[in-house]
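1. Generate coordinates for the sequence data below:
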Amino acid sequence: APGTSLFSTLQKAVLGQLIFGPAFTCVFFATSLLQGGTFTISNWVKKIKSDLPGAWLAGVGFWPLVDFVSYALVPIKFIPLFINLMSFICTIYLSMV
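-> Coordinates of the predicted model:
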């Protein structure tokens, strides 16, 4: 079973913020541009440069709490459901910015 110690929980949260969060956000930006019919590598890079810092900072205020709760308190069989619900909420926010 995954570790639930404070160190293990913090380690997972930090890795999520440094790797998964920015990567997912960049994919989300590409998808948004594709849906709008304006995707080019140049537009994607511009979108990343202009919007990733603000979106990442917003995520820093949201995802560490979600990570902590999911890794420390949510039973392992419910973690995917909890994370998907939180991802849905985050996607709504990203769609509005």
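
2. can you tell me the helix or strand for S50?
-> Using DSSP states H and E, S50 falls within helix 41-72.

3. three-state assignment of V74?
-> Per DSSP: H, G, I helix; E, B strand; the rest coil, the local secondary structure of V74 is coil.

4. Numbering from 37 from now on, please.
-> I'll keep to 37 as the first residue from here, and by that count the last item is V110.

5. Determine the number of other residues adjacent to it.
-> By the measure other Cβ atoms under 10 Å, the count of residues near V110 is 15. C-beta coordinates here come from the backbone N, C-alpha and C atoms, glycine included.

6. ok, residues contacting stretch 39-51?
-> Among residues not part of stretch 39-51, those counted as contacts by Cβ atoms under 8 Å, 6 or more residues apart in numbering are 38, 99-100, 103-104, 107-108.
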